[in-house]
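Undergrad: Following is a predicted model, sequence given first.
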Amino acid sequence: MSISEDLFNRSRAVIPGGVNSPVRAFNSVGGVPPFMVEAQGPYLTDADGRNYVDLVMSWGPALLGHRDSSVVEAVHKAVEHGLSFGASTEAEVELAELVIERINAVIPGSIDQIRMVSTGTEATMTAIRLARGYTGRDKIIKFAGCYHGHVDALLSEAGSGVATLAMPGSAGVTAATAAETIVLPYNDTQAVQRAFEQHHGQIAAIITEAAPCNMGVVTPEAGFNRFLHDTAHENGALLIFDEVLTGFRVSSAGYWGYTTEDEGGWAPDIFTFGKVIGGGMPIAALGGKREVMEYLAPLGPVYQAGTLSGNPISLAAGIATLKAATEDVYQTINQRSEELQKAIHSYGEKLGLNYSIQHAGNLFSLSFGTAEHGVHHYDDIKASETFRYQAFFHSMLNSGVYLPPSAFEAWFLSASHNDTAMDRILSALPEALEEAAQAQPA
Ligand code: PLP
């Protein structure tokens, strides 16, 4: 028995399903998840000493690569001064200023303030509470296949692990809570308009991923985000732009910085951030214009708090990450992403494989059986041939490449993915795609 198998058995005895986040259990691809002992640059090493090129990168935070020296140094320095103060620190101000500066570099005045929390889930939970408090309305629009964390109101037809496990939502969410969430098909402008007509004066906000990455990647149709903003505003509602995953990953200002050139002149009312702004440590945030943000306590009536909010060690990692995330970093990641997509296309076409790649900047995902229509919303990816992804995934894993263990997730590259790491991925691809081509449904 391998050490990972042994650990998984021990883990299943004391942790439900053996994992602390469902997608780690490998349910949709099968097999035993390797237990990791070390992460460095683009590599992971498991308990059995096997080394993998990582294309998950902690699900996004490790933009620079694992344990980047500037981040580790900043964390060491911060530890010398205290693990948690439960009081305000300069580092909180510094990270807030860095985030605001980057967002406003796209369109000045897009965002005035941010409030820091510890997880993306807390950020979106607070964002919808704030939108409800600000508008005095209860209902929320979300899109099927978008994932915004495990907030009760946002689990209906959610992506990520909920989609991977083919769950329609979650038990334990009250019917009253679920009834306040209107779930619509992504990229469907008419459905949004109809919802505002049907629920006139009741909708507090639309929440959307800036570009969906939790049903695999889905590219927003040109002008869709702008349409959401304008339609929300025409109806007295807010737009919450969830950049927990895309934020500061697809450009120096996230998806906001990636697309607004051709859609200029508007800004979401509330942004949510996470992942990259913590550089691998727990930190997330919501931000927006002063008028909305000052509805939060202690100034306003919407309550939100956190014992470890703005934790100094997390802040040190986040600040060091953002400071190191120069244009060169984004260019490297973009280039690596293009290289990888090109290689998939080259082998995929040779094999006559039925597949498509969707991308949002440097984030992308590969789905099988989708060549004809592509993937524009959740139903498209649900109809894809996930059994081919299983075969593909295991072949890559055997060749030392660690992909997301689900067809419903994005692939993450980092600035540390050098030629050696890329070579391993590129040489593993032909066999893995061939296995995908030959796979049969279970
Ligand atoms: N929003 C998006 C778009 C996400 O991708 C995620 C997590 O993957 C979340 C929110 C929730 O973040 P967390 O897992 O930190 O709670």
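TA: Perfect, thanks for sending it.

Undergrad: going forward, measure contacts between C-alpha atoms and count neighbours the same way
TA: Will do.

Undergrad: these two touch, right, H376 and V218?
TA: Yes - using Cα atoms under 8 Å, H376 is in contact with V218, at 5.9 Å.

Undergrad: Of those two, give the one with the bigger neighbour count.
TA: V218 (30 against 19; other Cα atoms under 10 Å).

Undergrad: can the lowest-mean-pLDDT helix or strand in the chain be found next to the ligand?
TA: Every helix and strand in the chain was compared by mean pLDDT, DSSP states H and E; the lowest is helix 161-164, with a mean of 77. No - if you take Cα under 6 Å from any ligand atom as the test, helix 161-164 misses the ligand, and the best it gets is 9.0 Å.

Undergrad: what does stretch 357-377 give?
TA: No - using Cα under 6 Å from any ligand atom, stretch 357-377 stays clear of the ligand, coming no nearer than 12.1 Å.

Undergrad: Over to stretch 312-321?
TA: No - Stretch 312-321 stays clear of the ligand (Cα under 6 Å from any ligand atom), getting no nearer than 13.0 Å.

Undergrad: what does stretch 398-405 give?
TA: No - using Cα under 6 Å from any ligand atom, stretch 398-405 stays clear of the ligand, with a minimum separation of 12.1 Å.

Undergrad: could you list every residue that touches Y147?
TA: L154, L155, A158, G159, S160, E209, N214 (Cα atoms under 8 Å, 6 or more residues apart in numbering).

Undergrad: which one of those residues has the most neighbours?
TA: That'd be L154 among the contacts of Y147, by other Cα under 10 Å, with 31 neighbours.

Undergrad: That one contacts G145, doesn't it?
TA: No - judged on Cα under 8 Å, L154 makes no contact with G145 at a distance of 10.6 Å.

Undergrad: From the chain's centroid, how far away is the longest helix anywhere in the chain?
TA: The residue-count maximum for a helix in the chain (DSSP state H) belongs to helix 327-351. Helix 327-351 sits 20 Å away from the centroid of its parent chain (Cα atoms, centre = their mean, to the nearest Å).

Undergrad: and stretch 61-80, how far apart are its ends?
TA: One end of stretch 61-80 to the other measures 23 Å (Cα to Cα, to the nearest Å).

Undergrad: Next, the buried residues of stretch 136-149.
TA: Neighbour-count burial for stretch 136-149 flags 137-149 (criterion: 16 or more other Cα atoms under 10 Å).

Undergrad: Contacting the ligand as well, which ones from the contacts of Y147?
TA: E209.

Undergrad: Once you drop chain neighbours, what's closest to I381?
TA: Using Cα to Cα, 6 or more residues apart in numbering and skipping the chain neighbours, the partner closest in space to I381 is V375 (6.0 Å).

Undergrad: Quick check: bridge partners of the residue nearest to T181 when sequence neighbours are not counted?
TA: Leaving aside its sequence neighbours, T181 sits nearest to I140 (Cα to Cα, 6+ apart; 5.0 Å). Assessed by DSSP bridges, I140 has beta-bridge partners T181, A205.

Undergrad: so what's I140 up against?
TA: I128, E180, T181, I182, I203, A204, A205, I206, I207.

Undergrad: if we go to 7 Å?
TA: Shown in contact with I140 (Cα atoms under 7 Å, 6 or more residues apart in numbering): E180, T181, I182, I203, A204, A205, I206.

Undergrad: Okay, the residue nearest to the last one when sequence neighbours are not counted and P404: tell me how far apart.
TA: Nearest non-adjacent residue to I206, counting by Cα to Cα, 6+ apart: I141, 4.6 Å away. Using Cα to Cα, one gets 28 Å for the distance from I141 to P404.

Undergrad: I figured G120 hits L245, correct?
TA: No - the pair G120 / L245 is not scored as a contact, 8.7 Å apart, by Cα atoms under 7 Å.

Undergrad: which residue sits closest to K275, ignoring its sequence neighbours?
TA: P61 (4.3 Å).

Undergrad: Check what pLDDT that neighbour gets.
TA: With respect to pLDDT, P61 scores 98.

Undergrad: Helix or strand: which one has it?
TA: P61 belongs to no helix or strand when assigned by DSSP states H and E.

Undergrad: Just give me the neighbour total for the nearest residue to W59 once chain neighbours are set aside.
TA: Once flanking residues are discounted, W59 sits nearest to F412: 7.0 Å by Cα to Cα, 6+ apart. Here the number of neighbours of F412 (other Cα under 10 Å) works out to 24.

Undergrad: What of A253?
TA: Neighbours around A253, by other Cα under 10 Å: 22.

Undergrad: circling back: tell me what angle the next helix or strand after the longest helix of the chain forms with helix 327-351.
TA: Counting by DSSP H and E, the next helix or strand C-terminal to helix 327-351 is strand 355-360. Orientation check (axes from the mean of the first three to the mean of the last three Cα atoms, to 10 degrees): strand 355-360 against helix 327-351 gives 170 degrees.

Undergrad: Mind checking the pLDDT average for strand 355-360?
TA: If you average the pLDDT values across strand 355-360, you get 96.

Undergrad: Any idea how far whatever helix or strand comes next after that strand is from the middle of the chain?
TA: Next helix or strand after strand 355-360 toward the C-terminus (DSSP H and E): strand 363-368. For strand 363-368, the distance from its own C-alpha centre to the chain's C-alpha centre is 14 Å (Cα atoms, centre = their mean).

Undergrad: Residue numbers of the stretch 201-350 of the chain in contact with the ligand?
TA: Residues of the stretch 201-350 of the chain lying near the ligand (Cα under 6 Å from any ligand atom): E209, D242, E243, V244, L245.

Undergrad: possible to save these as CSV with pLDDT and secondary structure?
TA: Shown next, in CSV, are these (pLDDT from 0 to 100; DSSP: H, G, I helix; E, B strand; the rest coil):
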residue, pLDDT, secondary structure
E209, 98, strand
D242, 98, strand
E243, 98, strand
V244, 98, coil
L245, 98, coil
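
Undergrad: which of the residues you listed count as buried?
TA: E209, D242, E243, V244, L245.

Undergrad: Identify the residues contacting the strand or helix carrying I207?
TA: Here I207 is covered by strand 203-209, with elements defined by DSSP H and E. By Cα under 7 Å, 6+ apart, the residues outside strand 203-209 that reach it are 131-132, 135, 137-143, 146, 232, 237-243.

Undergrad: Which secondary structure elements does the next helix or strand after that strand sit against?
TA: Moving toward the C-terminus from strand 203-209, the next helix or strand (DSSP H and E) is helix 224-234. Of the remaining helices and strands, those touching helix 224-234 by 3 or more Cα pairs under 7 Å, 6 or more residues apart in numbering; DSSP states H and E are strand 238-243.
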